[in-house]
Every structure is written in structure tokens, then in C-alpha cells.
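K.L.:
A structural model of the following input is requested.
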Amino acid sequence: MSSKVHGRGAQSAAAPTRFGLASRVDDGDWRDAREEIDGPGPKLRTTVTDEFPKSILTFNSSPDVPFDRSVNAYRGCEHGCIYCYARPTHAYHDLSPGLDFETKLFAKPQAAALLRKTFAKRGYVPKPLAMGTNTDPYQPIETRYRITRQVLELCLEVGHPLTITTKSARVLDDLDLLRELAGRRLVAVGVSVTSLDPRLSGLLEPRASSPAKRLAALKALADAGVPTHLGVSPVIPAITDQFIEAIVAQGGELGVRSASWIMLRLPHEVAPLFREWLDNHFPDRADKVMHTVQSMRQGKDYDSAFFARMKPVGVWADLIRTRFRIAVKKAGIPQARAELDCAQFRAPRLDGQLSLL
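P.N.:
Next up, the predicted model:
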């Protein structure tokens, strides 16, 4: 068993092996000097590189996701959730989906300006814009960059609806804007809670907000009139499934309007990284976890087919589905999805003013 990497989700810098990219090789001289310079054990520091893409709005035609466009203000995520399905995207850039994903981050400071240009294009048709679909818009570096806040300000200015998904209580830093957007039916916020055990969450999601802070954020959002959604995701059999009923019950007490769950997804490099994490932290049940996962994925670690990736099958999946449905009913969660208003949108002019037409 490898030594544990403390304070991070991934336990290694898994090399990108797809797209014909070469594996990384440490320079021998540096490896010899590493302990002398850094001391024993890995010394990982988060770095952020400013990135200047030509466009910021990503469209998708996936039939099993509830949005057709999204904005990601950052690449990589310091939260370090070991199960994050977005980890493989770092391999596109010859970076590790493992430790690089959570330590070598990219910020897009011109995101709001690029989005303004897109909104201003003739013929642009508004539909709810999703934030938090790839990496968390409220990860720690948002405190410094405030890119997410700039996007919210733009959406409020032009009347464009959006949804937010996060694991961070930092969402409350923008409660003033969210309250105003909610008053115009322009926003809905989802907060994901994986467990109620802070120690377990510290292993799964080492730099995300604690479960208690996420639940407190949900309450503050609901009290402010913001449509809130509770995500119990991912559900990890024999690790987090014990918390399903308690999380949903707390969500009902906090006044969330809807709740959902998602089974653990392990695409590409996420599967070996998750297996490594299990071997380090839960060696006593690692085989049980993976066998249960495979029983819901047609005998594989993951099934990438549309709909199948979101809808596990088999006895275990049916059991969790039933447990969740009963929990939601007992909690009195109305399962009322927010109906966002696209009719308020007014295309901006590039000088910062709104068009009259």
C-alpha cells in the first residue's frame, strides 16, 4: 500500500494515458534531491494560471442532462473530491487527473467579458446557464478571483437565468446577488452533501466545506427566498449510503424545494484513482465497494452510455432508489423544480448598456 497523501483527495499523480500523450518521467537528479529540499513526504502547493480562451459558453446536446449550456470559470478544482468525474479533463492538457487536477488550477478572469459578447450576438436565444457542471464555481480561489460573482452580476444586468451547483458555503458570499436574482426568478442553487461525518468528508472532499457548513448554506439560501436543491451525490455504497435518510431529513427541515441522488461515477482515470483511495483509507471494504459498484454498472467500473451513466441498474440501485424516495416523502420535500424566466433577457451592448430591442 502506498503512503497517504494528506490534505488531498488523489493519492498520486496518475499520468494521462489517453490521446497519445507521453507519460511523465521525473528527472533523476530532482528525485534524488527532493527530500533534501522539501523534507520527507510530498509538499504540494496549489498554483493558479490565468487562462484567456476565445469563448466561455459551452453548449452540449447530451440527452440525459437538464441543461444545454454552461460556463466554467475555472479548470481543475482544489476541493480535491476523489470521485470527481471532471478529473479526466486535465488529461486533455497533458496534466494528471490525479494530483495535478487539484493543485494545478486555471482561472479565466475574462469569463464575464466573453459571456457579454456572446449575449450580445444577434440571434442569441437565452436558456438557463449552468455553473458548477465541471468544476466548482465556489472553490477556494473564487475568494480571490471573484469570476463567479462577475458572471452573476452580468446575468442580473441582462436578465439571464442560471443555475449553480456547489459543495461550498462560499456561495453565501454572493447572497446579495442571489436574493435579487431569485426575486426575479432568474436563479436556482443546488448544494451537494455527501455525508454527515466531517472526518469522512475530509477524506473524500478534503478542501470542500464541511457538511455542517453546506447545510447551513442551504438554510441561509432558502431563508433568503432562493430556490434550493439538495444533491445527495455521489452515493458510494458501503461508504456514504448510510447517510441518505439523515441528509434528506435535514434537507426537509431546512426548506429545500427538491432533492436528488447520483450514484458514484468512475469514468476513465477516476476509476484507478478511486481504487487507490479505497486501498489507502478503506482497505477492509475496498473489494465490497467495487463489487457493488460493478453490480450496478453491468459488471464494469463505469458505463458511459447516455442514460445508463446516470441510471444504475440492479438490486442495489433499486434499493437505494426506494430508500431515497421514502426519505423524500417522510421529509416533506415537495420536489418542486424552479421555473426560471427567460423572457426578461435583454441583449447587452458591448459598451455595457442594454439594448432597447
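K.L.:
quick one: the strands in the stretch 201-350 of the chain?
P.N.:
According to DSSP state E, counting those that start in this stretch, the stretch 201-350 of the chain carries its strands in the segments 228-235, 258-263.
K.L.:
Return the distance of the last one from the chain's centre.
P.N.:
With Cα atoms, centre = their mean, to the nearest Å as the basis, strand 258-263 stands 14 Å off its chain's centre.
K.L.:
Going by neighbour count, list what's buried in it.
P.N.:
Buried residues in strand 258-263, counted by 16 or more other Cβ atoms under 10 Å: 258-259, 261-263. Every residue, glycine included, has its C-beta placed from N, CA and C.
K.L.:
Any chance of JSON lines for these, columns pLDDT and distance to Phe282?
P.N.:
Converted to JSON lines, the buried residues of strand 258-263 look like this (pLDDT from 0 to 100; distance: Cβ to Cβ, whole Å):
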{"residue": "Ser258", "pLDDT": "98", "distance to Phe282": "31"}
{"residue": "Ala259", "pLDDT": "98", "distance to Phe282": "26"}
{"residue": "Trp261", "pLDDT": "97", "distance to Phe282": "21"}
{"residue": "Ile262", "pLDDT": "94", "distance to Phe282": "20"}
{"residue": "Met263", "pLDDT": "95", "distance to Phe282": "18"}
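K.L.:
mind listing what Arg149 touches?
P.N.:
Counting by Cβ atoms under 8 Å, 6 or more residues apart in numbering, Arg149 makes contact with 142, 173-174, 177.
K.L.:
can you pull out the helices in the stretch 251-357 of the chain?
P.N.:
Assigned by DSSP state H, counting those that start in this stretch, the stretch 251-357 of the chain shows helices spanning 270-281, 286-295, 315-331.
K.L.:
Can you tell me which of the ones you listed is most buried?
P.N.:
Neighbour counts (mean count of other Cβ atoms under 10 Å) averaged over each of the helices of the stretch 251-357 of the chain peak at helix 270-281, with a mean of 20.
K.L.:
With only the CA atoms kept, save that one in PDB.
P.N.:
The C-alpha coordinates for helix 270-281 follow below in PDB (Å, rounded to 0.1, in the frame of the first residue of the first chain):
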ATOM      1  CA  VAL A 270     -11.200   8.300 -12.000                       C
ATOM      2  CA  ALA A 271     -11.600   4.500 -11.500                       C
ATOM      3  CA  PRO A 272      -8.000   3.700 -10.700                       C
ATOM      4  CA  LEU A 273      -7.600   6.900  -8.600                       C
ATOM      5  CA  PHE A 274     -10.700   5.900  -6.600                       C
ATOM      6  CA  ARG A 275      -9.400   2.300  -6.200                       C
ATOM      7  CA  GLU A 276      -6.100   3.700  -4.900                       C
ATOM      8  CA  TRP A 277      -8.100   5.900  -2.400                       C
ATOM      9  CA  LEU A 278     -10.000   2.900  -1.200                       C
ATOM     10  CA  ASP A 279      -6.900   0.900  -0.700                       C
ATOM     11  CA  ASN A 280      -5.400   3.700   1.400                       C
ATOM     12  CA  HIS A 281      -8.400   4.700   3.500                       C
END
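K.L.:
quick check: angle from that helix to helix 286-295?
P.N.:
150 degrees (axes from the mean of the first three to the mean of the last three Cα atoms, to 10 degrees).
K.L.:
Please tell me how far helix 270-281 is from the chain's geometric centre.
P.N.:
The answer for helix 270-281 is 19 Å, by Cα atoms, centre = their mean.
K.L.:
right, and the strands of the stretch 201-350 of the chain - which one's nearest Pro348?
P.N.:
Of all those, strand 228-235 sits nearest to Pro348, with 28.5 Å by Cβ to Cβ.
K.L.:
what separates the closest one from the chain centre, distance-wise?
P.N.:
Using Cα atoms, centre = their mean, the offset of strand 228-235 from its chain centre is 11 Å.
K.L.:
Also stretch 46-57?
P.N.:
Counting by Cα atoms, centre = their mean, stretch 46-57 is centred 18 Å from the centre of its parent chain.
K.L.:
Show residues contacting that stretch.
P.N.:
Identification of contacts with stretch 46-57 by Cβ under 8 Å, 6+ apart yields 69-71, 75, 78, 102-111, 114-115, 118, 129, 140-141.
K.L.:
Now the buried members of those residues.
P.N.:
Among the contacts of stretch 46-57, those scoring as buried are 69-71, 75, 78, 102-108, 110-111, 114-115, 129, 140-141 (criterion: 16+ other Cβ under 10 Å).
K.L.:
rewinding a little: quick check, nearest of the contacts of Arg149 to Ala212?
P.N.:
Closest approach to Ala212 among those (Cβ to Cβ): Asp173, at 17.7 Å.
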